[in-house]
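>>> sequence and predicted model, in that order:
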Amino acid sequence: MLEATNLMVFYENMLALNNVSISCRKNQIVGIFGANSAGKSTLMYTLSGIMEDIRKKEQMAGGERITVLGKINYLDQDITGIKPSQRARIGIVLCPERRRIFTESNVLENLRIGAYLATRAQAKETLEYIFRVFPALEKLKTRLGGFLSGGEQQMLAIGRALMAQPKILLLDEPLMGLSPLIQTILVRAIKEIRDETGISIIVTEQYARPVLPIVDYAFILENGAAVMEGTRDELLDNPDVRAAYFGV
Amino acid sequence: MEILIYGTINSVALVLMSLGFALVYGISRVPNFAHGALFVITAFITWSLLNTLGLNYFLSIVLAIIAIGVLGALIYQFVLIRVRGMAISEIIASYAIGLAILEGLRWGGFKGHSYRLPVFIEGSIIVGDVPVDYHRILTVVIGAALVAFIWLFTHYTRLGLALRGIAQDERASMMLGIDSDRMALVAMAGGAMLAGLAGILLLPLGNIVVESGYNVLTMAIAVCIIGGLGSWMGAVLAAFIIGFAQILSVVYLGAHYQMVVALLAIIFTLILRPSGLFGRQKELEERV
């Protein structure tokens, strides 16, 4: 469904992504694991097109020179270099690191802004679906985004991304800084979303263990390079990977 | 009573003058220093349509506002889009456009005190014991309706919500499929139309002179700084604070203190509360 080949991203001369090739098939949950600065967010920005915006703004302001090489294919269409809003339109939606909730809008409004690409009927249906997956949000409908807890914000961020009617959802560190209890709820919800809606999901995490049970396939990034990939069981069989990323 | 009535009228006038500026800045982060020029040129366009082409007054107004909306969009599409994100360049570019428009008008012969737009409704009414003309009352009503309209538009329509998304977090909005440049274009066109509408509403109360372009820009900036840049409701509140302060100073100090009040208010705001009354809550953003 989504296939990135030989992605290279440079910030000036610093290599942030080194020849990374990843792919996600329809209805799959793909995990991308790696430490801080391994290139997870850079990869997500590149796939979602935000990197194009960052590059454009840096170039206009005469800042860092960012170079993106490689090719991204989505549903047999070359999408390398097209705008992030255009990518969202064809179904690639990023739920960013640190959530980036609209803090001055309430929960319902956050979701309604997210529904920019949805038809009225789709928005209504998705809204009901979100409240079914995250019942906690329904009670907080009128609370401002800025006054939600981290876990609630993450639920809202995922819900908001769903409102954009994605075909493939990119989740950048959705569990960061959350309690184990909330992590369990979110992981279960992510699987539920995939199972019920058929949306493909790419999820990044530093620490693989909480999401490992739900991923079908995973890549491990190290210093910007994909050093290993495989199904969950293949990775679990590798003692180095187990020690470094899974803590088992 | 006099203070209350004229304070309200003056405040609504300030709201009208600054809404367009606040809208454009709030959404695209472009300080539109051509705002005052758009305010004045709309009045001149209306005057020309009305007197040179002899069109009906209402039709002239509608055409002038459409024209100014297109002009605002063109300014964004061909000039501001290239300097977007560089604050100083944005100011220089938009101020240069404003200067070109205003001085171009002056050069083109639109100067002196012979240019007047008719008021919408002649006559006046006694409110309490103060005479107020109908046009001023109409201005207040339209101003209030406009604020209500903008509130409804930004809370209940797809486009309005998208604009607010961009205003709060540009990149998060892009991820949801909202095109930042298109929204900035819409904001600039809308802001220009608001400036134009303000011009058409306020200028019939006096002569259309090029200089009022500079005054309007100053007042709009004053209101937006005091209300907190990027906050529309802050701008409305600040307009009322300055509006009443101005009328009070006219009554107790003298007419020429009007501008001083606005400028002093900017200085005090910047010293005491640099982000304005309703500035974006930076602390909150960092905490989350």
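Good, I have the coordinates.

>>> now the residue in chain A positioned nearest to chain B: closest residue in space, sequence neighbours ignored.
Closest to chain B within chain A is residue A:88: 3.3 Å, counting by Cβ to the nearest Cβ. C-beta here means a position set from N, CA and C on the backbone, and glycine is covered the same way. Nearest residue to residue A:88 in three dimensions, chain neighbours excluded: residue B:177, at 3.3 Å (Cβ to Cβ, 6 or more residues apart in numbering or on different chains).

>>> next: residue B:225.
residue B:266 (5.3 Å).

>>> helices or strands up against the helix or strand encompassing that neighbour?
Residue B:266 belongs to helix B:258-272 when assigned by DSSP states H and E. Packing partners of helix B:258-272 (3 or more Cβ pairs under 8 Å, 6 or more residues apart in numbering or on different chains; DSSP states H and E): helix B:211-227, helix B:232-252.

>>> contacts for the longest one next, please.
When you say that, I think you mean helix B:232-252. B:2-3, B:6-8, B:10-15, B:18-19, B:22-23, B:26, B:147, B:150, B:154, B:219, B:222-224, B:226-228, B:257-258, B:260-262, B:265, B:276-279 (Cβ atoms under 8 Å, 6 or more residues apart in numbering or on different chains).

>>> now the helix or strand hosting residue B:94 and helix B:211-227, what's the angle there?
Using DSSP H and E, residue B:94 sits within helix B:87-107. If you take axes from the mean of the first three to the mean of the last three Cα atoms, to 10 degrees, helix B:87-107 sits at 150 degrees to helix B:211-227.

>>> right, is helix B:87-107 up against chain A?
No: contact of helix B:87-107 with chain A (Cβ under 8 Å from any Cβ of the partner chain) is absent, the minimum separation being 9.4 Å.

>>> kindly export that helix (C-alpha atoms) in CSV.
Extracted C-alpha coordinates of helix B:87-107, given in CSV (Å, rounded to 0.1, in the frame of the first residue of the first chain):
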residue,chain,number,x,y,z
ALA,B,87,8.5,38.7,9.8
ILE,B,88,10.6,41.7,8.8
SER,B,89,10.1,41.0,5.1
GLU,B,90,6.4,40.6,5.6
ILE,B,91,6.2,44.0,7.2
ILE,B,92,8.3,45.7,4.6
ALA,B,93,6.5,44.1,1.7
SER,B,94,3.0,44.8,3.0
TYR,B,95,3.9,48.3,4.1
ALA,B,96,5.4,49.0,0.7
ILE,B,97,2.2,47.9,-1.0
GLY,B,98,0.1,50.0,1.4
LEU,B,99,2.4,53.0,0.7
ALA,B,100,2.2,52.5,-3.0
ILE,B,101,-1.6,52.4,-2.9
LEU,B,102,-2.0,55.4,-0.7
GLU,B,103,0.6,57.6,-2.4
GLY,B,104,-0.6,56.3,-5.7
LEU,B,105,-4.1,57.6,-4.9
ARG,B,106,-2.7,60.9,-3.8
TRP,B,107,-0.7,61.1,-7.0
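
>>> which ones are touching residue B:126?
residue B:132.

>>> give me phi/psi at it?
The phi/psi pair for residue B:126 (degrees, to the nearest 10) reads phi -90, psi 120.

>>> mind listing the strands for chain B?
B:124-127, B:130-133 (DSSP state E).

>>> show me what the helix holding residue B:94 is packed up against.
If you count contacts as 3+ Cβ pairs under 8 Å, 6+ apart, helix B:87-107 packs onto helix B:35-51, helix B:81-83, helix B:211-227.

>>> in TSV, list those helices along with mean pLDDT and mean neighbour count.
Output for those, formatted as TSV (pLDDT from 0 to 100; neighbours: other Cβ atoms under 10 Å in any protein chain shown):
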stretch	mean pLDDT	mean neighbour count
helix B:35-51	95	25
helix B:81-83	90	15
helix B:211-227	93	23
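
>>> wait, which of those is closest to residue B:93?
Nearest to residue B:93 among the helices and strands packed on helix B:87-107 is helix B:81-83 (5.2 Å), distances taken as Cβ to Cβ.
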